[in-house]
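S.K.: Got a sequence here, can you build the structure:
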Amino acid sequence: MTKSAAIHWFRQDLRLADNPALLVASAHGTVLPVYILDDHNAGQHAMGGASRWWLHHSLLSLNASLDGKLSVYAGDACEIIPDLVARMGVSTVYWNRCHEPWRIRRDARIEADLNARGFSVQSCNSSLLWEPGTVKKTDGTPYRVFTHFYRKGCLGAEAPRAPLQRPGKVKWHRDTMAAKEIDELDLLPRIPWHRQLEPHWTTGEFGAAARLEEFLEGGIWQYKDGRDLPAKPFVSRLSPHLRFGEISPHQAWHAIRAVFDDEHVDKFCSELGWREFSYNLLHHNPDLPRRNLQSRFDRFPWVDDDTLLSAWQRGLTGVPMVDAGMRELWQTGYMHNRVRMIAGSFLVKNLLLHWNHGERWFWDTLVDADLANNSASWQWIAGCGADAVPYFRVFNPVTQGRKFDKNGEYVRRYVPELAGLPDKFLHCPWEAPAHVLSQSGVEPGITYPGPIVDLRESRERALSAFAALKRDK
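M.R.: Numbering: from 1, shown residues only. Predicted coordinates for the structure are as follows:
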């Protein structure tokens, strides 16, 4: 390679279309596209098992789009990038900005190092509609309430730019001396639990485009209310594609806006706004994944019980709507958003287990595990975050099930041992008479566990604990 060539460092932008840094890099004519699995700098935020499975297949797809010329590495990017620049004889490195605190620190080190050596770095915005720090209140402080952030801050700012074209004719170059094969990254687990995920997803840029097209043809037309029905196909399921950058939020925003301007479109765009809000929170609160935004929750009397936690993780709580969600997560790497709220509320309010337990479990098992979204959402449901759900709101999984899974289609899909129960008792099998249980093939404590906590008593216990905390503030 020559100094006229460039390096494009793929990170959370595993696509060719609407990739600002790649498009600029392509002007050099010759580009070395690279990906680095940097668990060294990620530390405790290294990707979980489900995300690593997705990454493996996404890299295979990206490599195919690059004519097999993607160079992949594993290790400390602070060492790999400078070495690669010097060894390949290029002058400029391009990347799209990431917004997790550890990535920001790492990228700043790499940029300073390269500049000191006489090399150039150019970064672009690719993964957000409005970058953190650009949306502020009139007094310059960050928003803490989503509605104001989105309606006044985001929609009151410059509209999201239109998606960019794919690079034109580019000569892709691969590092044949030091680059690894994708399989050598060892992203797939040794115990092949991940094979159950495969039927549910088509990874990669083309899979993302197909998923968006399917949503535009069906789900968007019933999105506003239908998104609360976990058995129905009225959600976009674009979150893992957005998380890995197989599609950009700009592509999703403009594709949806091009359909029609109605309440369903507005609702979907506001959900993209929640993603922006989460990143804004993380930007201003780098310890968001671990520490309560509201410090008074540091005194909350959380319970420490591995048995309860394990039952929740395995979908064996004896509460059908919660168990259905946790099993959907394990079997597909995904959980419907309405059910995430139900399962999350049950963990932190009925079981009184710290939200960190939920955050870590989701981090490992969700294919769309995203540091900002995951931590902000768990703080929201726990009541300790910004614009959080009120402490006195405890999602009743029975009421929620009867409202949003009225005919039991979702529960029967993921908790098949209860499939024979009448709808009346499906969401509360402990209330069913013995003869109904027998006729339905349900043996309490044998084929399906009894509830690990009493919903009413645990709700009252939670309300008392939260109310005491409120009084002590």
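S.K.: List the contacts of Arg15.
M.R.: With contacts defined as CB atoms under 8 Å, 6 or more residues apart in numbering, the neighbours of Arg15 are 62, 205, 208, 245-248. For the C-beta atoms, the positions are set from N, CA and C on the backbone; glycine is no exception.
S.K.: Could you confirm it falls within a strand?
M.R.: No: counting by DSSP: H, G, I helix; E, B strand; the rest coil, Arg15 is located in no strand; its state is coil.
S.K.: Ignoring the adjacent residues along the chain, who's closest to it?
M.R.: Nearest non-adjacent residue to Arg15, counting by CB to CB, 6 or more residues apart in numbering: Glu205, 4.2 Å away.
S.K.: who touches that neighbour in this structure?
M.R.: Contacts of Glu205 (CB under 8 Å, 6+ apart): 14-17, 61-62, 65, 246-247.
S.K.: Tell me how many other residues crowd the closest residue to Leu164 other than its chain neighbours.
M.R.: For Leu164, ignoring the flanking residues on the chain, the nearest one in space by CB to CB, 6+ apart is Asp18 at 4.8 Å. Close neighbours of Asp18, defined as other CB atoms under 10 Å, add up to 23.
S.K.: Which secondary structure element is home to Asp18?
M.R.: If you go by DSSP states H and E, Asp18 is not part of any helix or strand.
S.K.: Show me which positions of the longest helix along the chain end up buried.
M.R.: Scanning the chain for the helix with the most residues, using DSSP state H, yields helix 263-284. Within helix 263-284, the residues that qualify as buried are 264-265, 268-284, counting by 16 or more other CB atoms under 10 Å.
S.K.: Repeat that for stretch 126-142.
M.R.: Buried-residue list, stretch 126-142, by 16+ other CB under 10 Å: 126-130, 132, 135-136, 142.
S.K.: And stretch 247-262, by the same measure?
M.R.: 247-256.
S.K.: With just CA atoms, put that stretch into PDB.
M.R.: The C-alpha coordinates for stretch 247-262 follow below in PDB (Å, rounded to 0.1, in the frame of the first residue of the first chain):
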ATOM      1  CA  ILE A 247     -28.500  -0.100   9.400                       C
ATOM      2  CA  SER A 248     -28.200   3.500  10.500                       C
ATOM      3  CA  PRO A 249     -30.800   5.400  12.500                       C
ATOM      4  CA  HIS A 250     -30.800   7.900   9.600                       C
ATOM      5  CA  GLN A 251     -31.800   5.100   7.200                       C
ATOM      6  CA  ALA A 252     -34.500   4.000   9.500                       C
ATOM      7  CA  TRP A 253     -35.800   7.500  10.300                       C
ATOM      8  CA  HIS A 254     -36.000   8.600   6.600                       C
ATOM      9  CA  ALA A 255     -37.500   5.300   5.400                       C
ATOM     10  CA  ILE A 256     -40.200   5.400   8.000                       C
ATOM     11  CA  ARG A 257     -40.900   9.100   7.400                       C
ATOM     12  CA  ALA A 258     -41.200   8.400   3.600                       C
ATOM     13  CA  VAL A 259     -44.100   6.100   4.300                       C
ATOM     14  CA  PHE A 260     -46.600   8.500   5.700                       C
ATOM     15  CA  ASP A 261     -46.700  11.100   8.500                       C
ATOM     16  CA  ASP A 262     -49.200   9.700  11.000                       C
END
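S.K.: how far does it sit from the chain's center?
M.R.: A distance of 19 Å separates the centroid of the chain from that of stretch 247-262, by CA atoms, centre = their mean, to the nearest Å.
S.K.: can you check stretch 378-390 too?
M.R.: Relative to where its chain is centred, stretch 378-390 has its mean C-alpha point 17 Å off (CA atoms, centre = their mean).
S.K.: now the end-to-end length of it.
M.R.: End-to-end distance for stretch 378-390: 13 Å, by CA to CA, to the nearest Å.
S.K.: Need the contact partners of it.
M.R.: Against stretch 378-390 from outside (CB under 8 Å, 6+ apart): 144-147, 277, 281, 288, 292-294, 297, 300, 341, 344-345, 348, 355-356, 358-359, 362, 376, 391, 466.
S.K.: got it, and stretch 127-136?
M.R.: So stretch 127-136 is contacted by 12-13, 96-99, 125, 142-143, 149, 153-154, 157, 160, 245, 248-250, 253, 272, 275-276, 279-280, 282-284 (CB under 8 Å, 6+ apart).
S.K.: likewise stretch 356-371?
M.R.: 45, 47-51, 53-54, 100, 197, 201, 239-240, 242-243, 275, 278, 282, 289-290, 309, 313, 329-330, 333-335, 344, 347-348, 374-375, 378.
S.K.: Which two among the buried residues of stretch 247-262 are spaced furthest apart?
M.R.: Ser248 and Ile256 (12.7 Å; CB to CB).
S.K.: just the buried residues of stretch 126-142 now: which is nearest Lys424?
M.R.: Leu129 (45.3 Å).
S.K.: re the thing from before, as TSV, the buried residues of stretch 126-142 with pLDDT, distance to His28 and secondary structure would be great.
M.R.: Below are the buried residues of stretch 126-142 laid out as TSV (pLDDT from 0 to 100; distance: CB to CB, whole Å; DSSP: H, G, I helix; E, B strand; the rest coil):
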residue	pLDDT	distance to His28	secondary structure
Ser126	96	18	coil
Ser127	96	23	coil
Leu128	97	26	coil
Leu129	97	28	coil
Trp130	96	29	coil
Pro132	92	29	coil
Val135	92	33	coil
Lys136	91	36	coil
Pro142	92	37	coil
